[in-house]
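Trainee: below are the sequence and a predicted model for it; my questions follow.
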There are 2 protein chains.
Amino acid sequence: MNITRAWEILKENGFKKTDKRELILTMFGETEKYLTARDLLSVLKKDFPGMSYDTIYRNLSTFVDLGILEETELNGERNFRMQCESEHHHHHFICMECGNVKEIEICPMEMLSERLPGYEVESHKFEIYGKCSSCA
Amino acid sequence: MNITRAWEILKENGFKKTDKRELILTMFGETEKYLTARDLLSVLKKDFPGMSYDTIYRNLSTFVDLGILEETELNGERNFRMQCESEHHHHHFICMECGNVKEIEICPMEMLSERLPGYEVESHKFEIYGKCSSCA
DNA sequence: AATGTAAATCGTAATGATTATGAATTAGAA
DNA sequence: TTCTAATTCATAATCATTACGATTTACATT
């Protein structure tokens, strides 16, 4: 996902172009790591001292709903990052040291669905945590 | 994990036998579902009106540390349940309707470690959510 | 059984993340 | 330029969780 595409999606869904959204998207565009609401606010405060959590969280929710961002929970905090370009379903290795994310191409559900007769699978979560090659 | 074994572990580690712990363990012993701190308190308040979250959370942490309970995060809340008897590593299907839990014997990490050269895997999370056969 | 002491609990307050609200501002269409 | 709904601001409320000092309790020891 790139910023241009993000704006397209926003426009298609009737959302307006604001300087706050611009900055938030820019921040996500510049990193592949997961960011928290706090991460964003601490940076955005510099340009917009009046910026409030309301603005952050409201936009994060919008972006997740529109598939611009993806979300996960780490240490009891919601974390967000740009939705992956990869068109195919995949999972993540997350480095707990530097925050870098590596895509895992394999999905365990492929070989598992047949093992759950009668069960209706709605979603699943598969994430690996550890140290990336640079941090290890 | 049964309650008798839980008390053994507590005793081994120098923890005392209290009526609060007794009730908490009983609640977990009666269900295979995940419970939240709120779930516990709402029931325990009946027997101990003065019971506080401090007591609940302190004991939940203790139990998790000792391997008596296992923990997961669902909808932004910490959820706990009796640690599975199964001696071998496994994962869970969790029914979002009734809360029932089914053990998944397969672990995706087995066939994945070799695909992460240089990466140091510390932990992983694999959970499946949906409706169990009764609820589907 | 009485005593001593560390552990556990109580009552309550603090914290941290997230959500909500009403007033003021602004983007973008008309 | 004007209008209006969307957005933001400023602030407060909520919810889950953690912390703290005072009190009580389990249980080992005498």
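Mentor: Received the coordinates, thanks.
Trainee: and what about the closest residue to A:E97 other than its chain neighbours, helix, strand or coil?
Mentor: What sits nearest to A:E97 in space, not counting adjacent residues and going by CB to CB, 6 or more residues apart in numbering or on different chains, is A:C135, at 3.8 Å. Heads up, the C-betas are built off the backbone N, CA and C, glycines and all. Following DSSP: H, G, I helix; E, B strand; the rest coil, we place A:C135 in the coil state.
Trainee: please verify my assumption that A:C135 contacts A:C98.
Mentor: Yes. At 5.4 Å, A:C135 counts as touching A:C98 under the criterion of CB atoms under 8 Å.
Trainee: any buried residues in the lengthiest helix in chain A, and which?
Mentor: Using DSSP state H, we find that the single longest helix of chain A is helix A:53-65. Neighbour counts over helix A:53-65 (16 or more other CB atoms under 10 Å in any protein chain shown) mark A:55-56, A:59-60, A:63 as buried.
Trainee: can you check stretch A:37-47 too?
Mentor: A:37, A:39-41, A:44.
Trainee: mind listing the strands for chain A?
Mentor: Ranges of strands in chain A, per DSSP state E, are A:69-74, A:77-82, A:91-95, A:101-104, A:120-131.
Trainee: so which bits of chain A are right by DNA strand D?
Mentor: Neighbours of DNA strand D within chain A, by CB under 7 Å from any atom of the strand: A:14-16, A:18, A:20-21, A:48-55, A:58-59, A:76.
Trainee: domain assignment for chain A?
Mentor: With domains defined by automatic domain parsing, chain A comprises A:3-82, A:91-130.
Trainee: among the ones you listed, which is nearest DNA strand C?
Mentor: domain A:3-82 (3.1 Å; CB to the nearest atom of the strand).
Trainee: could you give the average pLDDT over that closest one?
Mentor: Averaging pLDDT along domain A:3-82 yields 96.
Trainee: ends of it, what's the gap?
Mentor: Domain A:3-82 has an end-to-end distance of 9 Å (criterion: CA to CA, to the nearest Å).
Trainee: how about that domain and chain B, touching?
Mentor: Yes. Judged by CB under 8 Å from any CB of the partner chain, domain A:3-82 and chain B are in contact via A:73, A:76, A:78.
Trainee: by neighbour count, which of those wins?
Mentor: Using other CB atoms under 10 Å in any protein chain shown as the neighbour criterion, A:R78 leads those with 17 neighbours.
Trainee: distance of it from DNA strand D?
Mentor: For A:R78, the distance to DNA strand D (CB to the nearest atom of the strand, to the nearest Å) stands at 13 Å.
Trainee: and for A:R5?
Mentor: The gap separating A:R5 from DNA strand D is 17 Å, by CB to the nearest atom of the strand.
Trainee: again with A:E77
Mentor: Taken as CB to the nearest atom of the strand, the span from A:E77 to DNA strand D is 11 Å.
Trainee: what's the local residue count around that residue?
Mentor: 13.
Trainee: which residues touch it?
Mentor: Neighbouring residues of A:E77 by CB atoms under 8 Å, 6 or more residues apart in numbering or on different chains: A:36, A:38.
Trainee: if we can go back for a sec, out of the strands of chain A, which is closest to B:K33?
Mentor: B:K33 sits nearest to strand A:120-131 of all these, at 17.4 Å, using CB to CB.
Trainee: ok, and what's touching that closest one?
Mentor: Contacts for strand A:120-131 (CB under 8 Å, 6+ apart): A:72, A:91-97, A:104, A:107-109, A:113, A:136, B:93, B:96, B:108-109, B:112, B:116, B:119-131, B:135-136.
Trainee: so who does the residue in chain A that DNA strand D sits nearest to touch?
Mentor: Closest contact between chain A and DNA strand D, by CB to the nearest atom of the strand, is at A:G50 (2.3 Å). Contact partners of A:G50, counting by CB under 8 Å, 6+ apart, are absent.
Trainee: coming back round to it: nearest to B:L10 among the residues of domain A:3-82 next to chain B?
Mentor: A:G76 (25.8 Å).
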